Structure formats: structure tokens, C-alpha cells
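> here is my input, please return the structure:
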Amino acid sequence: MLRKNLLLTLAAAGAVVTMLACGAGSGDTSSSVTGGDAKPVESAAPEKTTAVAKIGQTVTLNNDGLGENDIVEITVTNAKQHTKEPGSFGSKPERGVFLVLDVTVVCKQGTYHANPYNFKFVAKDGTVSDGAFATFKPELHATDLSAGQKVAGKIVFDVSKAALTGGRIQVDGIGLDYDKPAAYWAL
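Numbering: from 1, shown residues only. Sure thing, here's the model as predicted:
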């Protein structure tokens, strides 16, 4: 009987681990836009929306899953193109241009790990580009924020000029949705 109870306990624990690993209980990140026309776009789950903002608008991310209650405001501004990294030894973009944007992250409640790798460039055809290895100061550095703290800096992408038309900047979700798009800024 002890062996049967142990097997049932292990099976139940395995089911809980599987549910958490597969994302059951996730999907608690939501986003909204302030400072202009908000255009929520339906995502894979019908009850969730992914905000689409214009450059210069602030997006608010909320995470209220698994006992967390985090609120973060992110603003992406000043989209500029460069054909060379600053400095006498500055590199040139491999794909066409460096797209440089200013990002401000404000943690309103809870905590947030601000990181330039939370952002991606998404072309109109769906091609995704991570940040470029180019330095435009001041850089956005990976920083752990608590309520009331903020960080600002530049993020950089190496993209073709053609990809800029219809392109968007994506920010990843927070909490268990860290690997899913939470919001976009249209260029």
C-alpha cells in the first residue's frame, strides 16, 4: 500500500511539473498602449491581446500570474538609421543599416529584468532579427528593476533598408510569458 501511495504521489507531482513546464497557468501577461491610438491585435489565445503602438508611445505590461503582480511601462522612441557605428573603428552593418532606438523602462510595481535582448526587430514578412553587436551610447544594459526604478538606453538592430518598411519592434512578455511577444511598436 505504501508503494502504491508513493507511485500516486510521484505521478501527481510529475503532472504538476509538466503543467508548469508546458505553460499551464501562464498567459497572464497583458499589454496596453498610452499616448495615442492603441491597436490591440488578437494573439494565439482569444482572450489575450498584443498591443501595437507607434514609436514614441508607452506600452504597459502587466504580469499577475503565480502570485506575481508586476507592472512595467516601456517607451520606444527616436528610430534612426546609421551606416556606421560611432568611433574611429566603427563597424558597418552587414545587412544594410543600423536601426537605433531609445528605450525607457519604468517599473511601476513588482520587479522587472530590463534587457536589450527582450527586444527584436520583426520585418513585414515575419523575419525576426535580434539586436546587433554595435555600440551606440548610452546603451541599454541588462538591469534588475524594483518598483519606482527606471533605466534608459539605446538598442540596435542590423537590418536591410527594405525590411524597415512595415517593420516593428517587439518586446517579449514578462513572467511565464517571457518567450512570447507582449507588444509591438510600428516603425
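> okay, and the beta partners of the nearest residue to Ile174 once chain neighbours are set aside?
Leaving aside its chain neighbours, Ile174 sits nearest to Asn63 (4.4 Å; criterion: C-beta to C-beta, 6 or more residues apart in numbering). Where you see a C-beta, it was placed from the backbone N, CA and C, and this is true even at glycine. Note on Asn63: beta-bridge partners by DSSP bridges are Thr29, Asp70.
> give me the neighbour count for Asn63.
25 (other C-beta atoms under 10 Å).
> show me what contacts it?
The neighbours of Asn63, taking C-beta atoms under 8 Å, 6 or more residues apart in numbering as the test, are 28-29, 69-71, 110, 173-175, 177.
> residues contacting the nearest residue to Lys120 once chain neighbours are set aside?
Distances taken as C-beta to C-beta, 6+ apart place Gln170 nearest to Lys120, at 4.5 Å, with adjacent residues excluded. Gln170 makes contact with 119-122, 128, 181, 183-184, according to C-beta under 8 Å, 6+ apart.
> rerun that using 7 Å as the cut-off
Contacts of Gln170 were listed using C-beta atoms under 7 Å, 6 or more residues apart in numbering, and they are 119-120, 122, 181, 184.
> which of the helices or strands spans Val100?
strand 97-109 (DSSP states H and E).
> contacting residues around that strand?
69-83, 85, 112, 114, 121, 132, 134, 136, 140, 145-147, 149-159, 161, 164, 169.
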